[in-house]
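[1] Got a predicted model here, sequence first, then my questions.
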Amino acid sequence: MRLHHLEARHGDTSFAFLVLRLRKASDRDAIVALIQKIAPMVPDAEAFIAELPEDLEESMKIVGMPWLPADDDDGLEEQQALLAQASEVEDAWFFQTGTGLPSVVDGDDDDDEDDDGDITGERGIIVVDGDDDDEDEDDDDEDDDVVWSHGPPPQVMQVRFPVDGYPQILEELDWEDFGIAFKLAGDWQPGESTVLLGFHSLWLSPYGGRYRNAAVTIDPKHHAAHLWVDRFAVPCSAAEQVHHLLWILSKLDEITPVLHARFAGATMQQKYGGLMGDTAEPFVLGGNPLLAVHAKAGEAGVDAWIASQRGWSNEEIAQMLRELAIELVTGSDTDAGGEVDAAFDADEEPTMSVGASIDDKAEAGEGEGDEDDDDDDADDDDDDDDDEDDDDNSEGDEDEDRNRHITRHAGEVLTARAAAGLLDPRVAAALRPILAVPSKYEHRRSAVVEVLGAMKDRESVPQLIKIFDDTPITSSLDAIGKEDFLIKVASALGAIADPSAIPALSNLVRAAGDHNDKPRAPAAEALASCLAAAPQPIDDSVLASLLTPIAERNSAEANADLHFAYGRLASVLPAAQRSAARDRLAETPTKRTDATPTLARLAALSLTSGAADPAALAEMQPLIHDALTRLDYAHEYTVRNIRTALRIASALPSVVSPDDLVWLTRFTEPDIRTQAHALLAQLGRPLDAAPVFDRTTARSLADSALVQRIEDVHVVGRAALIGEAARRKLAAARPAIIAAADAAITRAREGGASLWNPDTAILSASVKALRAFALDADTISLFDRMLRHSNHHVKWELLQDPPEDERLIGGMFHVLGEKWGWQEKTAKSWLGQFQGSPAYEAERRRDDMN
């Protein structure tokens, strides 16, 4: 038997499981006998046996189960002795996570354990029932101060297999929908569902229940699966979340090779299909190699790849071709603008139009047979015909999911072009009919609403208002999907600013119930825009509806949004009502008194005063300076605070210093850059936009220009430039790379706070780049500074593979002394190679003296 990763307990183990690959497929009785042999290693082995279905449909050759790691070396030897008795096992893998966040899941522990997972043979579901949305938001704010028991969970930044959407996911991660889909090599093996459930638990267990729904969607037919979670409200940076999930998949890859992966959140069908009685077989596309193939070799390359590959089915290839067609239509090339406009036919229901050749391939991919398909394809001809039938219900559900992605990307392109005034006005007439056609998940109507709002299309206002009447939120469960849609409708009406929307927006602001709280502030801001166009009094109940959650909701983000919306709304009211509104706000206690809500409250009081109060503005200045310049514990919190502060600064520009805005013009978030530039222009300090670079555009630069861009702080995508210098092994760039990394270290907060996302990328790229050159004194000095910094994120990439250079011994002793999770273990192992050397002994004595 080959043993992999059998080790004693790591820190505070939040979850551990083992995977056994058997020499031959075994029935239930044999599996039970095996579990009984190693029962001391399995927590509550009898309970696990009881959960095995009595009538396993197929014998299992691989099985995953919980594992109880040994406490010390003696316990480890006992486990090795137990395993030695299991001659039927060919390979055994052991995985554990030795850290965790404090749990936020309440309720009976026994019930929680009973709900850990079900083995269905096709789809393993793990659902954690969280509290209502209000309490979830409360937990988010409390999470600002929680820390890992033994440092963040393991992470990797590189894996053996291709991953679509990486590293873009570092900038685009959506906490509401996060996950990874993947395709595995070979055929599906009975028992693999237990392994996938184990890895899903290994992924999420350290986060203490900070999510709403989570599941594994398993597609045995295509040997693919999807690990996903929604409402993943964790106090970690996007980089930490992404790289931890990559580590999870890298461990699965050790057992069953991963062919391809892609970052993707769950569809609404995956989340709620079971509740709606959906019995369709799951389909998971674990990646799309054709996107890279087409980018490199065009359609000829696509044809050659399809002809030569044997690992993907026709159904998967057909879906890849659809996605490729969508990518070609919705690409960012400005020459494609006419194609995007033409995607909407005024005489028919708007649909995306794709290039004929690629589209034809997609149709052919669904209809043609494949000699290499599984033998059962011939037996399933009737089912295949049903799948290809355009009227088939399950195919319609799949089309709905595809339309979600089509609409999202096409909608983004159209919205951007509309905001820039580049969209043909005739498009609005083609889009309006869609507003009257509700769909299952509202992805298409949401995109259309955003486009019409950007176009400021007044003719769509009656239909937008009607959406409010037709889409009431009646409960917290009913709010799922609806609240975000209504926020987009309200924002569109605010952009159009038509006074006829005032009654409908007023009704949305004062809609009863906590389940209507999320759209309340956006609707109030939209109402303020409409009232600015036609000033008039409003019913006092509208303002009261904002004050109640200000006093009761324990969410910093919601509190700040509600305060600012109240201030904006009251500022456009007649003087008498505005003055009364200010008095009521001043008398209303606020549930949150931390910095950003306090800033928003001061802004609201100032906006409702009618005239600038120098004392109030002076009180706001240090708060807005802090919100615009301070790094919060995680990048997401930093961005959240900045967005609130920018909205306040737009309304009260006299409280902001232009100097605080300059660095915001280099953020990776386009909306922050745009708002910062607008404010700088408003304050008389216009600034040229920073050039934006990614891996593709960086390659277009000559060597001298590349070095110059790395030296320039006014760029977006500096890490991509450093990565390109590393690819070229451009030694002339070394001083600029060191300077960029040094500046990132200077910005890092002490302790465990996350870095600014661009700095995380810069440090990662810099370490890789500098390792490609000879380690000169300046590089060693930089690496030593990383190691001695108290923030474990600063030294993260360096400790992934530290160079064997004795000049780093002092820094490694410092890491060892910090006793921080896996980094302490890495330092101890690294120092062992120099033990007894003069340099080691000198640094050890110096360390002892300190």
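    Looks like it came in fine. Numbering: from 1, shown residues only.

[2] Please identify which helix or strand holds V427.
    Assigned by DSSP states H and E, V427 falls within helix 426-431.

[3] Which neighbouring elements make contact with that helix?
    In terms of contacts (3 or more C-beta pairs under 8 Å, 6 or more residues apart in numbering; DSSP states H and E), helix 426-431 is packed against helix 443-455. Yep, even glycine has a C-beta here, placed from its N, CA and C like the rest.

[4] Give me the three-state assignment for S790.
    coil (DSSP: H, G, I helix; E, B strand; the rest coil).

[5] swap that for G151, sorry
    Assigned with three-state DSSP, G151 falls in the coil class.

[6] what's the burial count for A84?
    11 (other C-beta atoms under 10 Å).

[7] could you measure H814 against R807, distance?
    Shown here: H814 relative to R807, a distance of 13 Å by C-beta to C-beta, to the nearest Å.

[8] higher neighbour count, those two?
    H814 (19 against 15).

[9] would V229 count as being in a helix?
    No: using three-state DSSP, the assignment for V229 is strand, not a helix.

[10] What's opposite the closest residue to it other than its chain neighbours in the beta bridge?
    Sequence neighbours aside, A214 is the residue nearest to V229 in space, at 4.2 Å (criterion: C-beta to C-beta, 6 or more residues apart in numbering). With DSSP bridges as the criterion, A214 is bridged to I126, V229.

[11] Now do A214 against L170, distance only.
    For A214, the distance to L170 - C-beta to C-beta - is 21 Å.

[12] quick one, what contacts R578?
    When contacts are counted by C-beta atoms under 8 Å, 6 or more residues apart in numbering, R578 touches 570-571, 608, 610.

[13] at 10 Å what do you get?
    537, 569-572, 607-610 (C-beta atoms under 10 Å, 6 or more residues apart in numbering).

[14] Secondary structure element holding it?
    helix 575-587.

[15] so which pair among the contacts of R578 is furthest apart in space?
    P537 and S609 (18.3 Å; C-beta to C-beta).

[16] ok, the two, which is more surrounded?
    Per other C-beta under 10 Å, whichever of P537 and S609 has more neighbours is S609, with 16 against 11.

[17] so what pLDDT did the more buried one get?
    pLDDT, S609: 90.

[18] if I look at it, how far off is R582?
    6 Å.

[19] returning to that earlier point: what touches both of H814 and R807?
    D784.

[20] buried residues in stretch 28-46?
    Residues 31-32, 34-35, 37-38, 41-42, 45 are the ones in stretch 28-46 that count as buried (16 or more other C-beta atoms under 10 Å).

[21] got it, and stretch 20-27?
    For stretch 20-27, a neighbour-count test (16+ other C-beta under 10 Å) marks 20-22, 26 as buried.

[22] next one: stretch 70-83
    70, 75-76, 79, 83.

[23] Reformat the residues you listed as a markdown table; add pLDDT, distance to V692 and secondary structure.
    Formatted as a markdown table, the buried residues of stretch 70-83 follow (pLDDT from 0 to 100; distance: C-beta to C-beta, whole Å; DSSP: H, G, I helix; E, B strand; the rest coil):
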| residue | pLDDT | distance to V692 | secondary structure |
| --- | --- | --- | --- |
| A70 | 92 | 51 | coil |
| G75 | 90 | 54 | helix |
| L76 | 91 | 52 | helix |
| Q79 | 93 | 53 | helix |
| L83 | 93 | 54 | helix |
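
[24] Among these, find me the one that's closest to V489.
    A70 (57.5 Å).

[25] shouldn't that closest one be in contact with L83?
    No: using C-beta atoms under 10 Å, A70 is not in contact with L83, being 11.7 Å away.

[26] Kindly list the longest strand within the protein.
    Counting by DSSP state E, the longest strand found in the chain is strand 15-26.

[27] could you check the angle strand 15-26 makes with the helix or strand just after that strand?
    Following strand 15-26 in sequence order, the next helix or strand is helix 28-37 (DSSP H and E). Angle between the axes of helix 28-37 and strand 15-26 is 140 degrees (criterion: axes from the mean of the first three to the mean of the last three C-alpha atoms, to 10 degrees).

[28] Who are the packing partners of helix 28-37?
    Packing contacts for helix 28-37, counted by 3 or more C-beta pairs under 10 Å, 6 or more residues apart in numbering; DSSP states H and E, involve strand 15-26, helix 45-51, strand 60-66.

[29] ok, of those, where does mean pLDDT dip lowest?
    helix 45-51 (a mean of 87).

[30] Please list all residues in contact with T99.
    10-14, 147-154, 206, 821-822.

[31] For stretch 232-241, give the mean pLDDT please.
    pLDDT averaged over stretch 232-241 gives 90.

[32] measure that stretch end to end?
    Distance between the boundary residues of stretch 232-241 (C-alpha to C-alpha, to the nearest Å) amounts to 10 Å.

[33] Give me the pLDDT value at the residue most central in space within the chain.
    In the chain, the C-alpha nearest the mean C-alpha coordinate belongs to L173, at 2.4 Å (C-alpha atoms, centre = their mean). Here the pLDDT value assigned to L173 is 87.

[34] go on, L291?
    88.

[35] Same check on L464?
    The model reports L464 with a pLDDT of 97.

[36] Quick one: neighbours of it, just the number.
    Neighbour count for L464, taken as other C-beta under 10 Å: 23.

[37] dump the residue contacts of it.
    Applying C-beta under 10 Å, 6+ apart, the residues near L464 are 432, 435, 449, 452-453, 457, 488-490, 492-493, 496, 498, 501, 504.

[38] Can you tell me which of those is nearest L531?
    Out of the contacts of L464, the member with the shortest distance to L531 (by C-beta to C-beta) is A501, at 10.2 Å.

[39] any idea how far the closest one lies from S313?
    From A501 to S313 the distance is 50 Å (C-beta to C-beta).

[40] Between the two, point out the one with more neighbours.
    A501 (27 against 18).

[41] how far away is the closest residue to that one other than its chain neighbours from A429?
    In space, and not counting its chain neighbours, A501 is closest to L493: 4.4 Å by C-beta to C-beta, 6+ apart. To A429, L493 is 19 Å away according to C-beta to C-beta.

[42] between the two, which one's more packed in?
    L493 (31 against 14).

[43] List the residues that contact the more buried one.
    Per C-beta under 10 Å, 6+ apart, neighbours of L493: 449, 452-453, 460-461, 464-465, 467-468, 500-502, 504-505, 508, 522-523, 526-527, 529-530.

[44] which stretches of the stretch 101-250 of the chain form helices?
    Taking DSSP state H, counting those that start in this stretch as the criterion, the stretch 101-250 of the chain carries its helices at 109-114, 133-142, 169-172, 192-204, 238-255.

[45] Go through those helices and find the least confident stretch.
    helix 109-114 (a mean of 38).

[46] Please enumerate the shared neighbours of S609 and R582.
    567, 570-571.

[47] what's the longest strand of the chain packed up against?
    strand 2-4, helix 28-37, strand 60-66, helix 73-84, strand 89-97, helix 192-204, helix 238-255.

[48] who wins for proximity to A264 among the ones you listed?
    helix 238-255 (11.5 Å).

[49] Tell me what angle the closest one forms with strand 60-66.
    140 degrees.
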